[in-house]
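> requesting a structural model of the entry that follows:
(one chain, ligands or ions: 2)
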Amino acid sequence: MPLTTLKVQQVRNLADVRFTPSPHINIVYGANGSGKSSLLEAIHILGLTRSFRTNKLRHLISSGAEQCLVFAELDAMATGTTQALGVERNLEGVSRMRYAGADIDLTTLAELLPIQVINSETFQILEGSPSIRRAFIDWGVFHTDPMFIRLWRGFKRVLKQRNSLLKYGKIDPSMRQIWDRELVTYSVQLNSLREDYLALLKPEFDQVLAGLLPNLEIELGFSCGWDQKRGLDEVLADNLVRDRKQGFTSAGPQRADLRVKADGHNAAERLSRGQKKIVVSALKLAQGALFYKLNSRACVYLIDDLPSELDDHHCRLFCQYLEKSSNQCFITCVDKTTLSEFWSQETQVSFHEIHQGEFITQDQEIL
Ligand SMILES: Nc1ncnc2c1ncn2[C@@H]1O[C@H](COP(=O)(O)OP(=O)(O)OP(=O)(O)O)[C@@H](O)[C@H]1O
Ligand SMILES: [Mg+2]
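Numbering: from 1, shown residues only. Ligands and ions are numbered 1, 2, ... in the order given. A predicted model of the protein is given here:
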């Protein structure tokens with residue numbers, strides 16, 4: 001599963017970087033602006049063709065270059081054989097993805113390389129809009145149930161059609177009933193996948209959180225996007241006048257949300273910055289733990305500036321969790337010493353120093 005070689009060309013200030021990562025813990029350290037987050041971004045491109053920082057390719061691709069390339073060898077499906085995976089993006093927006101010598105599509109790519117990011121943006125799971133929390137849930141559902149992507153696409157198509165009829169058309173009642181029926185069918189199925197996934201995730205989350213932040217009660221709740229006591233068909237019919245006025249469908253899985261409560265209060269309002277970091281990290285780590293349980297495959301974790309916001313005690317607990325997991329981790333920090341102390345003797349930790357876009361050392365250390 002882990003990436004065994006990595007080559008990055010023309011991603012921000014990384015003109016041409018090649019290195020051999022550890023299958024377990026990789027620490028990338030260097031001064032501000034040296035290229036640490038860019039390296040994580042490059043690995044993210046390899047798994048999803050896009051950055052986690054920008055949608056604009058001209059920012060992502062090195063100034064003066066036309067395209068960027070990220071390449072790795074990995075045994076994606078844990079079959080015992082490594083294969084080459086490459087993703088190329090150019091300024092025109094064209095993506096080229098190849099695995100084991102054949103072109104692949106984005107869905108296949110995402111399946112091959114399950115990636116989790118923990119960075120300052122991850123706070124948005126608590127502080128941001130419901131769409132971020134839906135994306136969080138749907139990452140898990142996508143990787144758990146092969147039905148998801150077909151249902152999701154079908155649902156989006158029908159919702160778009162209904163919204164456009166609400167906005168521009170005079171809906172003939174029989175037409176509306178047909179669209180509504182289809183929308184309800186997709187919605188109910190999609191919702192049940194989300195509920196099933198969250199039921200599996202909750203115990204994993206409780207367990208991860210108990211290790212990282214003992215003594216904090218966090219409760220996860222889910223609202224599906226409509227009043228379930230009434231059923232979506234009834235809700236759609238009741239909301240029709242309002243939906244017409246607004247020009248969009250106001251109830252359904254497109255309004256689902258994950259509620260995170262600390263001691264009975266909204267966690268975004270209640271928790272300290274460090275506590276928030278641990279809670280959102282625990283959510284992400286729980287997804288990786290569940291993914292491993294269900295698929296016997298590990299995730300690649302991109303953890304930008306792990307020590308930020310955390311005191312030594314919590315940083316150590318975080319590292320102890322990572323070393324017990326099977327995930328391949330790429331962890332950045334400015335100063336090597338902030339993450340040198342926290343690993344047990346047996347853990348294989350590779351330290352990679354980066355300076356102005358180039359790797360200057362690689363120490364494979366058993367600490
Ligand atoms: N399109 C681009 N082409 C070339 N260089 C770029 C491009 N975009 C950003 N850079 C530069 O790449 C460098 C690396 O940025 P990056 O965010 O990876 O640094 P970092 O090591 O994570 O720093 P920090 O510790 O401050 O987070 C910066 O100096 C930045 O100005
Ligand atoms: Mg950075």
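
> which residues does Leu258 contact?
125, 130, 133-134, 136-137, 198, 220-222 (Cβ atoms under 8 Å, 6 or more residues apart in numbering). All C-beta atoms are positioned from the backbone trio N, CA, C, and that covers glycine.

> and it, what pLDDT?
As predicted, Leu258 sits at a pLDDT of 98.

> on that earlier part again, filter the contacts of Leu258 to the buried ones?
With neighbours counted using 16 or more other Cβ atoms under 10 Å, the contacts of Leu258 contain these buried positions: 125, 133-134, 136-137, 198, 220, 222.

> and which of the contacts of Leu258 is nearest ligand 1?
Closest approach between those and ligand 1, by Cβ to the nearest ligand atom: Ile125, at 20.5 Å.

> which helices and strands does the helix or strand where the closest one lies pack with?
If you go by DSSP states H and E, Ile125 is part of helix 124-127. Applying 3 or more Cβ pairs under 8 Å, 6 or more residues apart in numbering; DSSP states H and E, we find helix 124-127 packed against helix 130-144, strand 257-262, helix 267-270, helix 273-295.

> and the ones you listed as a markdown table, adding distance to Glu204?
Output for these, formatted as a markdown table (distance: least, Cβ to Cβ, whole Å):
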| stretch | distance to Glu204 |
| --- | --- |
| helix 130-144 | 10 |
| strand 257-262 | 14 |
| helix 267-270 | 18 |
| helix 273-295 | 4 |
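
> got the contact list for the spatially most central residue of the chain?
The chain has Gln116 as the residue nearest its centroid, 4.4 Å off, counting by Cα atoms, centre = their mean. Going by Cβ under 8 Å, 6+ apart, Gln116 touches 284-285, 287-288, 299-302, 327.

> how many neighbours does Phe19 have?
16 (other Cβ atoms under 10 Å).

> now it. Nearest residue, chain neighbours left out?
Phe359 (5.4 Å; Cβ to Cβ, 6 or more residues apart in numbering).

> which pLDDT value goes with that neighbour?
For Phe359, the predicted pLDDT is 92.

> who does it bridge with?
Beta bridges link Phe359 to Ile354 when assigned by DSSP bridges.

> against Gly225, how distant is it?
46 Å (Cβ to Cβ, to the nearest Å).

> out of those two, which sits in the busier spot?
Between Phe359 and Gly225, counted using other Cβ under 10 Å, the more crowded position is Gly225 (23 against 17).

> quick revisit: buried residues in whichever strand or helix holds the residue nearest to the centre of the chain?
Assessed by DSSP H and E, Gln116 sits inside strand 115-118. Under the neighbour-count criterion of 16+ other Cβ under 10 Å, strand 115-118 has 115-118 buried.

> stretch 20-38 now?
Quick answer for stretch 20-38 (16+ other Cβ under 10 Å): 21-30, 34-38.

> and the closest residue to ligand 1 within the stretch 151-300 of the chain, how many neighbours?
Per Cβ to the nearest ligand atom, Lys277 is where the stretch 151-300 of the chain lies closest to ligand 1, at 15.8 Å. A count of nearby residues for Lys277, using other Cβ under 10 Å, gives 24.

> OK, contacts around it?
Per Cβ under 8 Å, 6+ apart, neighbours of Lys277: 122-123, 308-310.

> likewise Phe142?
Phe142 neighbours (Cβ under 8 Å, 6+ apart): 110, 148-149, 152.

> and for Asn26?
Going by Cβ under 8 Å, 6+ apart, Asn26 touches 328-331, 349-350, 352.

> which element is it on?
Per DSSP H and E: strand 25-29 holds Asn26.

> what about the residue in the stretch 251-367 of the chain that ligand 1 sits nearest to, how many residues nearby?
Nearest residue of the stretch 251-367 of the chain to ligand 1: Val334, at 5.5 Å (Cβ to the nearest ligand atom). Counted by other Cβ under 10 Å, the residues lying close to Val334 total 14.

> close enough to count as contact, it and Asn32?
Yes: taking contacts as Cβ atoms under 8 Å, Val334 lies within contact range of Asn32: 6.7 Å.

> where do the domain boundaries of this structure fall?
In terms of domains, the chain is parsed into 1-114+300-367, 126-296 (source: automatic domain parsing).

> quick one on the thing from earlier: now the residue nearest to the centre of the chain: how far from Val280?
Distance from Gln116 to Val280, by Cβ to Cβ: 11 Å.

> do Ser340 as well
Going from Ser340 to Val280 by Cβ to Cβ gives 25 Å.

> thinking again about what came up before, most packed of the helices and strands packed on helix 124-127?
Mean neighbours per residue, mean count of other Cβ atoms under 10 Å, is largest over the helices and strands packed on helix 124-127 for helix 273-295, with a mean of 21.

> briefly note if the helix or strand that that helix is followed by comes near ligand 1.
Next helix or strand after helix 273-295 toward the C-terminus (DSSP H and E): strand 300-303. No: using Cβ under 6 Å from any ligand atom, we find that strand 300-303 stays clear of ligand 1, coming within 11.7 Å at best.

> flag every buried residue along the helix or strand just after strand 300-303.
For strand 300-303, the following helix or strand on the C-terminal side (DSSP H and E) is helix 312-324. For helix 312-324, the neighbour count (16+ other Cβ under 10 Å) marks 314-315, 317-323 as buried.

> relative to helix 312-324, how tilted is the helix or strand that helix 312-324 is followed by?
Using DSSP H and E, the next helix or strand after helix 312-324 towards the C-terminus is strand 328-333. Relative orientation of strand 328-333 versus helix 312-324 (axes from the mean of the first three to the mean of the last three Cα atoms, to 10 degrees): 160 degrees.
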